[in-house]
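*Asks:* have a look; sequence and predicted model below, questions after that.
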Amino acid sequence: MSLSQRKSFSVFPAIQFIIIIALTFVLSVNSFAQEATDDTTSVTSVIIAPPTNLLVEDFEYDDGEKLNLIWTPSIDDQPQVGKVTGYQVFRVTNDDVTTKIAELMPGANNFTDQELDKDSTYSYYVTAIANGAEASSVTTSPISPQREWVNFGLTNLFVIALIIGGAIFYFIEMGKRGKKLFVRKIAGLEAVDDAIGRATEMGRPILYIPGIHDMDDVQTLASLTILGRVAEQIADYDIKIRMPVARSLVMTAARETIKASYQAAGRPDAYSDDMVSYITDEQFGYVAAVDGIMVREKPATVFLLGAFFAESLILAETGNHVGAIQIAGTARPAQLPFFIAACDFTLIGEELFAASAYLSNEPKALGALKGQDVGKIIAAAAIIAGVLLETVIQLTDSESAATLLGYLRQAFTT
Amino acid sequence: MNRIGIIVFAGVCVLFVTSWFLKGSVGDATMTEGFLITLSAFLTLAIMSFLYKDNPYYKFAEHLFVGVSAAFWMTMGFWSTIVGNLIPRISDSLGAWFLQPKGEINYFFLLPIFFGFLLLMRLAPKGGWLSRWPLAFIIGTTAGLNFVRYLRSDFINQISATFVPLVVDWQGFGHFFGNLSLSATGPLVAMVGNFVIFGGVICGLIYFFFSKEHTGWFGTASRIGIWVLMVTFGASFGYTVMGRISLLVGRLTFLLRDWLELMT
């Protein structure tokens, strides 16, 4: 064997050995690295940061039944990371009973606990939830909800009510002192006298429909106020009035109203409870009955004043069909188109509420109407100012305009 | 009833009975189901016959509807209001007798009972005046509570909602006229919309202003206000009529599919 041959023999096993060692090392390192990476993944998927800065404070201006919770979400609650799958809010009462009170979506940072007892104390903690892991915030100190007697958050409402109320009282006082309070003509109400006169001439009854809502609707109240005035004229002319109603309380109130009107007209003997009759609370049952009354009794005049819904067109169309002169009015925007289409005169929205004042011509009612006009002036002025400020901000990016607008919005937001 | 009336009535009876037996004997339907579908169809047609003129069939349907619904609402009122809401709050034993779940006793609920009895006093010959007290209570509380509610929702919040800019996304006249577009999201349409809102609200307010005669510029603004209202009512009319047409389609579908089986 030559030296070179011996050399080659001695060199190759050494290289092979080194390569094997190197490969083993690389593979082992790689394997360890893989394990380490897996470990890291596993550790980061189960360990999440808890929500922090949990703050519990009394809910402002309530009856002592609510507490507000605010916290900073977990730092692992980010759209890119997406580890946190939600939050759970826990309440601990003063007798150490812990209750889960809410499950919230990721990103949540506040919650209002309601229906609490102001004589108890409550602590809270919030837990961030991930897949198979959770992390809780620190439990807060015990706190009781407080009852506030005055809601200062509605100061602006109070001031505006005071201004409008003050204006109403002012105009009532002016009216009482004999100052003539001007109110413009309302076309629909100008026709009331003619409509009642027509019924007298034709010898047919007057049908008065006060809507289908109960006495807790302002429109029904307005309708009954107008009824008082209309019934007085009816008593004067000795005509028959027919008033089917859909609510028992409205029946009672309407009977009282008509009775008082007949007494005021000096005709208490002509009053009868049968003038007002209860039909049914069911909307379309009531409509079917009133339609029947219309076609059978053929009233000369139909008053449709109050809160109406889907029945408005059916009633107005039947009244039109029997040839009655119809005076309608409602504050429901969706039903006004049907009255305008099918009736002779329509009181739109606030005209219904103004009608009673207009008809009575009494200082109290007229003063209230004029006081409400002051409210409209305030509204118009505020809207013009707000629109101008918004426009200036768009044109100039003025900070002072933005500040002013902020104040204005605050004054007209509740 | 004249002769024609008798013939029509007999025809209706024959049709009713025929329909009842046919609907009740087809497929899995029972005679009760056949009767109910036939009755529903008969009542639907009876009510619709009012479009021709008032007639005995309409009167029958009307009286049936009124009677059944009045009884239903009275029963509902008793079981949901008196038994469901009132009794469990004033008496455990009475609540248990009516099979109601135990409620929290609150003797303030004796007040509505008292007012209820006062209302019934109008039936008494001499105590009728007492029924005015609960009415006064209802009307007074309604007016007071609604004052705050309407002042907030229909007045104050509406005012701030009308603070709209008359120019939108303004970057000078050149940019505005250079990029004129009728796109619904473009500045031109937004500005026109805001002008209509602002002008419409102010003119509408003027229309409802009662302390000044509507003459001169005030009258012009008032007329614009009523035009805005009428355009709004027109749109609302069309929208609601579409809803009513769908109700009619629903009824016709019942007649043609469920009753006559002329469509699938």
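*Replies:* Looks like it came in fine.
*Asks:* longest helix in chain B, please.
*Replies:* Scanning chain B for the longest helix, with DSSP state H as the assignment, gives helix B:216-253.
*Asks:* how about it: buried residues?
*Replies:* Residues of helix B:216-253 classed as buried by neighbour count (16 or more other CB atoms under 10 Å in any protein chain shown): B:221-222, B:224-226, B:228-229, B:233, B:236-237, B:240. Yep, even glycine has a C-beta here, placed from its N, CA and C like the rest.
*Asks:* near chain A, anything from that helix?
*Replies:* Yes - contact of helix B:216-253 with chain A (CB under 8 Å from any CB of the partner chain) involves B:229-230, B:232-234, B:236-237, B:240, B:244.
*Asks:* give me phi/psi at A:Leu304?
*Replies:* Reported as degrees, to the nearest 10, the phi and psi values for A:Leu304 are phi -120, psi 90.
*Asks:* isn't it up against A:Thr318?
*Replies:* No - with contacts counted by CB atoms under 8 Å, A:Leu304 stays clear of A:Thr318, the gap being 10.7 Å.
*Asks:* and the two? which has more neighbours close in?
*Replies:* Counted by other CB atoms under 10 Å in any protein chain shown, A:Leu304 and A:Thr318 do not tie: A:Leu304 has more neighbours, with 29 against 20.
*Asks:* how would you label the closest residue to the more buried one other than its chain neighbours: helix, strand or coil?
*Replies:* Closest residue in space to A:Leu304, ignoring its immediate chain neighbours: A:Ala328 at 4.0 Å, by CB to CB, 6 or more residues apart in numbering or on different chains. Under the three-state scheme (DSSP: H, G, I helix; E, B strand; the rest coil), A:Ala328 adopts strand.
*Asks:* what's the pLDDT at A:Ala328?
*Replies:* Looking at A:Ala328, its pLDDT is 96.
*Asks:* can you map out the helices along chain B?
*Replies:* So, for chain B - with DSSP H - the helices run B:3-25, B:31-48, B:56-76, B:87-90, B:92-97, B:110-120, B:132-150, B:157-161, B:173-178, B:187-207, B:216-253.
*Asks:* among those, which is nearest A:Phe338?
*Replies:* Nearest to A:Phe338, of all the helices of chain B, is helix B:216-253, at 7.0 Å by CB to CB.
*Asks:* now that closest one, how far from the centre of its chain.
*Replies:* 17 Å (CA atoms, centre = their mean, to the nearest Å).
*Asks:* just the mean pLDDT for it, thanks.
*Replies:* On average, helix B:216-253 scores 93.
*Asks:* on that earlier part again, give the other helices and strands that the longest helix of chain B contacts.
*Replies:* With contacts taken as 3 or more CB pairs under 8 Å, 6 or more residues apart in numbering or on different chains; DSSP states H and E, helix B:216-253 sits against helix A:336-342, helix B:187-207.
*Asks:* one step back: mean pLDDT lowest for which of the helices of chain B?
*Replies:* Mean pLDDT values for the helices of chain B show the minimum at helix B:173-178, a mean of 82.
*Asks:* buried residues in it, which are they?
*Replies:* B:Phe176.
*Asks:* please apply the same query to stretch A:65-85.
*Replies:* Buried residues in stretch A:65-85 (16+ other CB under 10 Å): A:66-69, A:71, A:73-74, A:76-77, A:83-84.
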